[in-house]
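*Asks:* Test case, fold it:
(chains A and B)
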Amino acid sequence: MTDASTATETKMTKSMEDIVALCKRRGFIFPASEIYGGINGFWDFGPLGIELKNNLRDAWWHDMVRCPPAGPDGEMLSIVGLDSSIIQNPKVWEASGHVGGFNDPMQTCRQCKKLFRADHVEEMVLESEWYQELSQIWPPKKIPSLDGLRHWARKNGKKSAPGLALVRDTNNVLQELEKIIKSTDDPGDVWASSNVLFGADCQIWPQDGVCPNCGGDLTEQRDFNLMFETHAGAVRDDANKVYLRPETAQGIFLNFKNVLDTSRVKVPFGIAQIGKAFRNEVTPRNYIFRSREFEQMEMEFFCHESEAKKLYEFWVQTRLDWWKSLGISSENLQRRDHDADELSHYSTACADIEYRYPFTAPGFGELEGIAHRGNYDLTQHQEHSGAKLAYFDQEKNERYLPHVIEPAAGLSRGVLVLLCEAYTPDPDRPSKVYMKFHPRMAPIKAAIFPLVAKEGMPEVAQKLYQELRTKYAVQLDIKQNIGKRYARMDEAGTPYCFTIDGQTLEDDTVTVRERDTLSQERINISQVATYLAEQIG
RNA sequence: GCGGGCGUAGCUCAAUGGUAGAGCGUCAGCCUUCCAAGCUGAAUGUUGACGGUUCGAGUCCGUUCGCCCGCUCCA
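*Replies:* This next block holds a predicted model:
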């Protein structure tokens, strides 16, 4: 209990700002196109960052595809890989619901700042208090009473429609209206000119609409569609509009039949994919947590409906354990089951694996989602494409669309979690901070140092370095004093340093300095590669 | 998208409207037989960008880009 609360306190002192600064300083993550002033929502991974990301990616691929865990009943699971195209036929995204699902144009009122769905505005205006009051004074197809309008603008209008031009700028608006009334005998024409009541400069009906709340003018309609659009082919028109994928999962469903026909897999089995995805987020925030270009590690596990529930529970637990196996502490991870009203209409269960990021602490933010998607996706693609996607089970003589369990993890978010988890302030050591990466994740696995740059030590170090670098990401550092070199490796999160000293020249032993404990032990120089292999796994 | 704050060396930050600096890092040399990031020295800036006011702008004004916080949004 004491340990836990102490650890939590340490966690609270981790500042995102400091983590970002270290990541820049040591070459983990840079702002994208920085020399041009950057671009909101995009990030570049530096030399250490890409090593870290590759290590996470490789671990996922190894543990999910090459060597998946045993299933809920101890059976061997079969999972195969895939790398589908980022751009697909645009009908894919109609079938998946991404085109229709999130493209409501929105408008904001310039006066009261309220946000409205554009297709609701007209109806809301007609129902609004101020419009009803106004239509009593100026019924359709009638010539209005200017005095009536003036009276309303100065009394009730101030309360019900303070943003309306007639209220904000009563005299000018009424002057305009008077001119119109004098210029025509047709009440219909006058009515058609009722825009003067609303226009900001008493000239036009606000092109983009009137605020139902206060009568102010609205901003133009803004599309909140999250998908990036581009065009396939040199000619730019709507006919060849295509989308950058907002998730990797759909590519898996598209190839379900291909994989089935070519890979000798039988349900239950999984298809896994790692790759970039793009979302035009309204508000990219929190470093690389919500960026517009990011990477996902997704797996669709196809199974019979009767097994889906059991497999769902299995995958939630398996994925949670996996993150822990990479050194993420239990207290910073949690499973959060979605409430019923949070679920998509087709989904029967969904759980997030959440991490306590410094910017969400003491709360948690999403890292991975495990969804029970039923057979919604295959059903959709079967209907929209006309292709037959059913699976035929020879043994049971049964044809069906498999249900699917989808563990979908953010690779970029995973890197962020590794960075946040590893960041460890330590006022007692020279670097004041070190990155406590799990050895399997560490961008640099080990460093090789001659204790001093003389007496043949550099030569021995060079030889050891050349041996190790054929297998591991290691660095050789000869310059400057040993403390400085240890400190540098602490900030890069290197778990082991091998140092050649005077004794090495006599008995072929080197010291291993352990990053977290600062402890040292001697091992034979010929055992270094074996030692590393054991530690890294 | 709205409101507020901010933008100076790789990082953290100084600099009354008057010659752009420090610490750390980096690099070089020295020292160093395990935490010594110690010593000496060097390189590094269109002060985010563009425009304006001024004899003179890092500083004041405008625009724009980016970052942070809060709203809004988050199939």
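
*Asks:* Buried residues of stretch A:48-66, list them for me.
*Replies:* Going by neighbour count (16 or more other C-beta atoms under 10 Å), the buried part of stretch A:48-66 is A:48-53, A:55-57, A:59-61, A:64-65. Yep, even glycine has a C-beta here, placed from its N, CA and C like the rest.

*Asks:* can you narrow those residues to ones near RNA strand B?
*Replies:* Checked against RNA strand B using C-beta under 7 Å from any atom of the strand, the buried residues of stretch A:48-66 give no members in range.

*Asks:* Name the SS class of the closest residue to RNA strand B within the stretch 151-300 of chain A, please.
*Replies:* Among the residues of the stretch 151-300 of chain A, A:V282 lies closest to RNA strand B, at 3.7 Å counting by C-beta to the nearest atom of the strand. For A:V282, the secondary-structure state derived from DSSP: H, G, I helix; E, B strand; the rest coil is coil.

*Asks:* what number of residues lie near it?
*Replies:* Around A:V282 sit 11 other residues, with neighbours defined as other C-beta atoms under 10 Å.

*Asks:* what does A:N255 give?
*Replies:* 16.

*Asks:* and what of A:K324?
*Replies:* A total of 13 residues lie near A:K324 under the criterion other C-beta under 10 Å.

*Asks:* is it true that it lies in a helix?
*Replies:* Yes: using three-state DSSP, the assignment for A:K324 is a helix.

*Asks:* thinking it is in contact with A:E331, fair?
*Replies:* No: proximity of A:K324 to A:E331 does not meet the contact threshold set by C-beta atoms under 8 Å, at 10.6 Å.

*Asks:* List phi and psi for the residue of chain A found nearest RNA strand B.
*Replies:* Taking C-beta to the nearest atom of the strand as the measure, chain A has A:G483 as its residue closest to RNA strand B, at 0.9 Å. Comment: the main-chain dihedrals of A:G483 come out as phi -60, psi -40, following degrees, to the nearest 10.

*Asks:* Can you name the residues that contact it?
*Replies:* Taking C-beta atoms under 8 Å, 6 or more residues apart in numbering as the criterion, A:G483 is in contact with A:P430.

*Asks:* Quick check: the gap between it and A:C497.
*Replies:* 11 Å (C-beta to C-beta, to the nearest Å).

*Asks:* repeat for A:E178
*Replies:* In this structure, A:E178 and A:C497 are separated by 87 Å, where distance is defined by C-beta to C-beta.

*Asks:* Check A:V282 too.
*Replies:* From A:V282 to A:C497 the distance is 46 Å (C-beta to C-beta).

*Asks:* Over to A:Q462?
*Replies:* Noted for A:Q462: a distance of 16 Å to A:C497, by C-beta to C-beta.

*Asks:* neighbour-wise, which of these two wins?
*Replies:* Just comparing A:Q462 and A:C497: by other C-beta under 10 Å the higher neighbour count belongs to A:C497, 25 against 15.

*Asks:* what secondary structure does that one sit in?
*Replies:* strand.

*Asks:* does it really touch A:F449, like I thought?
*Replies:* Yes: the pair A:C497 and A:F449 passes the contact test of C-beta under 8 Å, sitting 6.1 Å apart.

*Asks:* Now the helix or strand harbouring A:H381: average pLDDT?
*Replies:* In this structure, A:H381 is located in helix A:376-385 according to DSSP states H and E. Per-residue pLDDT over helix A:376-385 has a mean of 94.

*Asks:* need the strands for the stretch 201-350 of chain A, in chain order.
*Replies:* Remark: strands assigned in the stretch 201-350 of chain A by DSSP state E, counting those that start in this stretch are A:229-231, A:241-243, A:269-278, A:293-303, A:333-337, A:349-355.

*Asks:* Make TSV from these and add distance to RNA strand B to it.
*Replies:* Formatted as TSV, the strands of the stretch 201-350 of chain A follow (distance: least, C-beta to the nearest atom of the strand, whole Å):
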stretch	distance to RNA strand B
strand A:229-231	14
strand A:241-243	12
strand A:269-278	8
strand A:293-303	10
strand A:333-337	14
strand A:349-355	11
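
*Asks:* what's the neighbour count on A:Y434?
*Replies:* Here the neighbour count serves as a burial measure; for A:Y434 (other C-beta under 10 Å) it reads 25.

*Asks:* Next, the residue nearest to A:L146 when sequence neighbours are not counted: phi, psi?
*Replies:* Closest residue to A:L146 in three dimensions, ignoring its sequence neighbours and counting by C-beta to C-beta, 6 or more residues apart in numbering: A:L174, at 5.4 Å. A:L174 adopts backbone torsions of phi -70, psi -30, taken as degrees, to the nearest 10.

*Asks:* A:T348 now?
*Replies:* Listed backbone geometry of A:T348 is phi -100, psi -20, with angles given as degrees, to the nearest 10.

*Asks:* doesn't A:H372 make contact with it?
*Replies:* Yes: using C-beta under 8 Å, A:T348 and A:H372 qualify as a contacting pair, with a distance of 5.0 Å.

*Asks:* neighbour-wise, which of these two wins?
*Replies:* For the pair A:T348 and A:H372, the greater number of neighbours falls to A:H372 (22 against 15), based on other C-beta under 10 Å.

*Asks:* From the chain's centre, how far out is the host helix or strand of that one? Work that out for me.
*Replies:* Per DSSP H and E: A:H372 is located in strand A:365-374. Mean-position distance between strand A:365-374 and its chain equals 13 Å (C-alpha atoms, centre = their mean, to the nearest Å).

*Asks:* And stretch A:345-362, by the same measure?
*Replies:* The gap between the average C-alpha position of stretch A:345-362 and the chain average comes to 12 Å, counting by C-alpha atoms, centre = their mean.

*Asks:* now the helices for the stretch 401-537 of chain A?
*Replies:* In the stretch 401-537 of chain A, helices defined by DSSP state H, counting those that start in this stretch lie at A:411-422, A:457-468, A:482-492, A:502-507, A:528-536, listed in chain order.

*Asks:* For A:G386, find the nearest of those helices.
*Replies:* In this view, the helices of the stretch 401-537 of chain A are compared for proximity to A:G386 by C-beta to C-beta, and helix A:411-422 is the closest at 33.9 Å.

*Asks:* Only the buried residues of that closest one, if you could.
*Replies:* For helix A:411-422, a neighbour-count test (16+ other C-beta under 10 Å) marks A:411-422 as buried.

*Asks:* does A:P362 sit in a helix, a strand or a coil?
*Replies:* Three-state assignment for A:P362 (three-state DSSP): coil.

*Asks:* what sits in contact with each of A:C497 and A:F449?
*Replies:* Jointly contacting A:C497 and A:F449 under the rule C-beta under 8 Å, 6+ apart are A:R485.

*Asks:* thinking again about what came up before, please report how far the residue of chain A closest to RNA strand B lies from A:D490.
*Replies:* Taking C-beta to C-beta as the measure, A:G483 and A:D490 are separated by 10 Å.

*Asks:* Quickly list what's touching both of those two.
*Replies:* Common contacts of A:G483 and A:D490 (C-beta under 8 Å, 6+ apart): A:P430.

*Asks:* Quick one: name the residues of the stretch 151-300 of chain A near RNA strand B.
*Replies:* Within reach of RNA strand B by C-beta under 7 Å from any atom of the strand, the stretch 151-300 of chain A has these residues: A:219, A:222, A:224, A:226, A:246-247, A:279, A:282-287.

*Asks:* In TSV: these, plus pLDDT.
*Replies:* Conversion of these to TSV gives the following (pLDDT from 0 to 100):
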residue	pLDDT
A:T219	72
A:R222	65
A:F224	63
A:L226	78
A:P246	91
A:E247	92
A:R279	87
A:V282	73
A:T283	76
A:P284	82
A:R285	80
A:N286	85
A:Y287	87
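
*Asks:* Just the buried ones from these?
*Replies:* Burial by neighbour count, judged by 16+ other C-beta under 10 Å, picks out A:226, A:246-247, A:279, A:284, A:287 from these.

*Asks:* In CSV: these, plus distance to A:Q520.
*Replies:* As requested, these are exported to CSV (distance: C-beta to C-beta, whole Å):
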residue, distance to A:Q520
A:L226, 52
A:P246, 50
A:E247, 48
A:R279, 48
A:P284, 45
A:Y287, 36
